[in-house]
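Peer 1: The following block contains a protein sequence and its predicted model.
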Amino acid sequence: MINFDTDPDTRMKENILHGLGSDDTIYRFVTVDRFFEMIHCKKLVLVRPNKWEDPFEDFLSRTEFINKKGERTGFALTRDFFGNCWTLREECDGIWKNYASLTGGVRIQTIVKKLLEVIYDKNNASSKMSSFIGKVEYKEEGDIKQFLKDDDFINWLTDTKGKNIAKTLLFKRDEFTYEQEVRLLFSAEHNKFEKQDIIEFAIEPLNLIDSVLFAPKMSSHLYEIYKEQLIKEGFDKTKILKSQLYTPYKIEIQSDAL
């Protein structure tokens, strides 16, 4: 049972899953257009997991189960969830290419508790069962399938706190380990959002975003234009940078041999 007598901050912290820390720094990589849309609209968009590309990312809703009688069934337990993907990695070539762009991408930085506070209503005790954030755990494909066959799997899903359902959205195949992904997850009322593929939450960009990093191969001219726009929006100019991922080293060596 959920103890609603505990203070809201304690309840919220318990919804940070898989060993993630409330003060851990996390990053999100997006295109420039998507970034400025978020800034100007002051909205954070979460999408349905069944819109994610990898079918194993929402394996519970995509898996067909066959009982001992040969009857086929499926679970729609994650149908009410919406998600938003972040990472613990500061940057890497693969993440820039896959989630943003080497020439037109942006990396935003925040911390876990500030992101969770976007969707977690501390004045509503039911947030304990609807709002989560956690690290993705990477498993071999065979281990995921075995997990679904486990005798305790059904009992595991009947957790009344809703936490285990959220955890099924925190598994991914080993091939994607390099992403070190973190997911923000919100379970909405089905009858209210059943026809929507996205859900939006109001944000204050200056409070949520701790720094902005533009793509490593973006032109210096564009970078300066975007930086000036963000300064006008109120961002700290010292927190607006351009990635040095491909910048050659400059090392001073004092030696008579050179």
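Peer 2: Happy to help now that I have it. Numbering: from 1, shown residues only.

Peer 1: In this protein, where is pLDDT below threshold?
Peer 2: Across the chain, the ranges flagged by pLDDT under 70 are 1-5, 53-77, 151-152, 154-161, 190-191, 249-251, 253, 255-258.

Peer 1: now the strands: where do they sit in it?
Peer 2: With DSSP state E as the criterion, the chain has strands at 16-17, 25-31, 43-47, 64-66, 72-74, 81-87, 105-111, 131-135, 137-139, 171-173, 181-187, 198-202, 211-214, 240-242.

Peer 1: export those strands to TSV and tack on distance to N123 and mean neighbour count?
Peer 2: All C-beta atoms are positioned from the backbone trio N, CA, C, and that covers glycine. Compiled in TSV, those are given as follows (distance: least, Cβ to Cβ, whole Å; neighbours: other Cβ atoms under 10 Å):
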stretch	distance to N123	mean neighbour count
strand 16-17	19	20
strand 25-31	25	20
strand 43-47	19	17
strand 64-66	39	10
strand 72-74	36	9
strand 81-87	21	22
strand 105-111	22	21
strand 131-135	13	26
strand 137-139	31	16
strand 171-173	32	19
strand 181-187	16	24
strand 198-202	15	14
strand 211-214	30	21
strand 240-242	34	17
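
Peer 1: any chance of these in JSON lines, with distance to I165 too?
Peer 2: Listed next are the strands of the chain as JSON lines, based on distance: least, Cβ to Cβ, whole Å:
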{"stretch": "strand 16-17", "distance to I165": "12"}
{"stretch": "strand 25-31", "distance to I165": "22"}
{"stretch": "strand 43-47", "distance to I165": "16"}
{"stretch": "strand 64-66", "distance to I165": "16"}
{"stretch": "strand 72-74", "distance to I165": "15"}
{"stretch": "strand 81-87", "distance to I165": "8"}
{"stretch": "strand 105-111", "distance to I165": "25"}
{"stretch": "strand 131-135", "distance to I165": "9"}
{"stretch": "strand 137-139", "distance to I165": "15"}
{"stretch": "strand 171-173", "distance to I165": "12"}
{"stretch": "strand 181-187", "distance to I165": "7"}
{"stretch": "strand 198-202", "distance to I165": "17"}
{"stretch": "strand 211-214", "distance to I165": "33"}
{"stretch": "strand 240-242", "distance to I165": "39"}
